[in-house]
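Engineer: Need coordinates for the following:
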Amino acid sequence: MSRNTKSWIFFNKSYTSNRMVETQNVEVDEDDVMSKTIGDYGKWQLQMTFLLALVNIPCTWHIVSFTFQAAERHVTCARSNSLENTTPILWNNFTQATDHCFIKNVTHVNSSGYSDVSASLIKCDEWKFEGKGDTLIKEFSLLCDREHLTNVADMTFLAGVAVGGLVGGIFSDRYGRKRMLMCAVFLQALLGTLIAVTPCCVQRFRTYC
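Structural biologist: Numbering: from 1, shown residues only. Below is the predicted model:
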């Protein structure tokens, strides 16, 4: 190995080592600048963490709302006016209902206790729910051929969360995170209020979008 080659190798190693040291120093200096600017984790940082956590509470309400608002309850077809005084047990015997979607078309009960043994099946258009309080399923009759709408609403909400996370990140880089965070909180409060007073399930699902 020639003398020039040895010198070049030594110079290259020295240059590489110096560059690594400079890079490490720059990273340390940048960390020190950030630490000096915002300080170490203390009382102020704890307050900011708490305030930011409060902002996420309404988001949690939206995520878990379907667990309570669309809770499943035992449901049966509502009795017709002519049989409203019939007990639930007799009503089930008369209509021979196998589920809450179809029953036999029983309009009256004769002296033998049954109106027509060959009555045809009809769809239920009204239901009776056990338990107190209203749910989305009860309010919008999301049963039988409309039962899938509960899954559509949940899926639409999660799709909106995914799109919002992507678009929100892009706009945050352009307009600033604080500004976009405040806009998101305002829109969430506005849309959440509109959902509470929406009279139609289709409009409610669109609001989730």
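
Engineer: tally of neighbours for Asn105?
Structural biologist: 13 (other C-beta atoms under 10 Å). C-beta here means a position set from N, CA and C on the backbone, and glycine is covered the same way.

Engineer: same question, Phe186
Structural biologist: Phe186 is flanked by 10 other residues according to other C-beta under 10 Å.

Engineer: What distance do you get for it to His62?
Structural biologist: For Phe186, the distance to His62 (C-beta to C-beta, to the nearest Å) stands at 14 Å.

Engineer: again with Gly164
Structural biologist: 11 Å.

Engineer: which of these two has more neighbours?
Structural biologist: His62 (16 against 13).

Engineer: low-scoring pLDDT stretches of this protein, where are they?
Structural biologist: Scanning the chain for pLDDT under 70 picks out 1-39, 81-88, 91-98, 106-119, 199-209.

Engineer: Could you list the domains of the protein?
Structural biologist: The record's domain parsing of the chain by automatic domain parsing lists 1-35, 41-73+134-209, 75-130.

Engineer: Over to Phe129: give its phi and psi.
Structural biologist: phi -110, psi 140 (degrees, to the nearest 10).

Engineer: all helices of this protein, in order?
Structural biologist: For the chain, helices defined by DSSP state H occupy the ranges 3-38, 43-69, 88-95, 136-139, 148-175, 177-196, 201-208.

Engineer: so what's Trp127 up against?
Structural biologist: By C-beta atoms under 8 Å, 6 or more residues apart in numbering, the contact set of Trp127 is Val75, Thr76, Cys77, Ala78, His100, Lys138, Ser141, Leu143.

Engineer: For Leu121, name its beta-bridge partners.
Structural biologist: Taking DSSP bridges as the rule, Leu121 bridges to Lys104.

Engineer: so how far is Asp99 from it?
Structural biologist: Remark: distance between Leu121 and Asp99 (C-beta to C-beta) = 11 Å.

Engineer: what's the answer for Ser141, then?
Structural biologist: In terms of C-beta to C-beta, Ser141 sits 15 Å off from Asp99.

Engineer: Settle it for me: which of those two has more neighbours?
Structural biologist: For Ser141 versus Asp99, neighbours defined as other C-beta under 10 Å are more numerous around Ser141 (16 against 12).

Engineer: quick one: contacts for that one?
Structural biologist: Trp127.

Engineer: if we go to 10 Å?
Structural biologist: Cys124, Asp125, Glu126, Trp127, Glu147, Leu149, Cys201 (C-beta atoms under 10 Å, 6 or more residues apart in numbering).

Engineer: Nothing else from me, thank you.
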